[in-house]
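Peer 1: Give me coordinates for this.
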Amino acid sequence: MKHTHKFEPPASELYITTANEVERDMQPGGLYHNATDHASKLMENIARVAGILHVFNKKHGEISLETLHTAIHICIFFSKEYMMVFDSTPQHVVDSMILYDWLTANARSQNRQYISKRHARQYAPSAIRQPGRFRNALEYLVFNGNVKIVNDGKTTYIDTMPQLSQ
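Peer 2: Okay, the predicted model is just below:
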């Protein structure tokens, strides 16, 4: 016989808040951007785990906030494990690796630390020359401290060895 269990009001509010967070994480740049199929099933799995915990612990009545918190922690933990194993690397990360390899090789071959941004955009591998992809890859490299942007008058340079400039 199938029994239906409901969440108590505070648990219901948490469920909705968590569902909105998962939905937001499915947008471009979010944790689940490349795994929307997985994310779309996450809330259903959280509800099921909460129900299983509720019954297993011989609780009666509505599913409590505490039980839902536990289910969320369990499911999010395993969701992150899934993402580490099965999620593909985002495009901007792949592009940043390609750009960094090109920048460092180009700088070494010319015995220079700085490369003009314009030169990089014109001569970097063709796959990343598109303005959006180039910009995202470069921003990722800057954010991670791999390169630094330096302005000299009207010219913008990419410092390929920012650790030497500090």
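
Peer 1: Okay, helices next: where are they in this structure?
Peer 2: 9-25, 36-56, 65-86, 91-109, 117-123, 131-143 (DSSP state H).

Peer 1: Out of those, which gets nearest to T160?
Peer 2: Each of the helices of the chain has some distance to T160 by Cβ to Cβ; the shortest is helix 91-109, at 4.2 Å. All C-beta spots, glycine's among them, are computed from the backbone N, C-alpha and C.

Peer 1: Now do the closest one: which elements does it pack against?
Peer 2: strand 114-116, helix 117-123, helix 131-143 (3 or more Cβ pairs under 8 Å, 6 or more residues apart in numbering; DSSP states H and E).

Peer 1: end-to-end on stretch 102-117?
Peer 2: 13 Å (Cα to Cα, to the nearest Å).

Peer 1: same check, this time on stretch 2-16
Peer 2: End-to-end span of stretch 2-16 (Cα to Cα): 24 Å.

Peer 1: still on that earlier bit, mind giving me JSON lines with the helices of the chain and columns for distance to Y157, mean neighbour count and mean pLDDT?
Peer 2: Listed next are those as JSON lines, based on distance: least, Cβ to Cβ, whole Å; neighbours: other Cβ atoms under 10 Å; pLDDT from 0 to 100:
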{"stretch": "helix 9-25", "distance to Y157": "36", "mean neighbour count": "15", "mean pLDDT": "94"}
{"stretch": "helix 36-56", "distance to Y157": "39", "mean neighbour count": "16", "mean pLDDT": "95"}
{"stretch": "helix 65-86", "distance to Y157": "36", "mean neighbour count": "15", "mean pLDDT": "91"}
{"stretch": "helix 91-109", "distance to Y157": "11", "mean neighbour count": "17", "mean pLDDT": "88"}
{"stretch": "helix 117-123", "distance to Y157": "7", "mean neighbour count": "15", "mean pLDDT": "94"}
{"stretch": "helix 131-143", "distance to Y157": "12", "mean neighbour count": "17", "mean pLDDT": "92"}
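
Peer 1: now Q130: how far from T104?
Peer 2: In this structure, Q130 lies at 21 Å from T104, with Cβ to Cβ, to the nearest Å as the measure.
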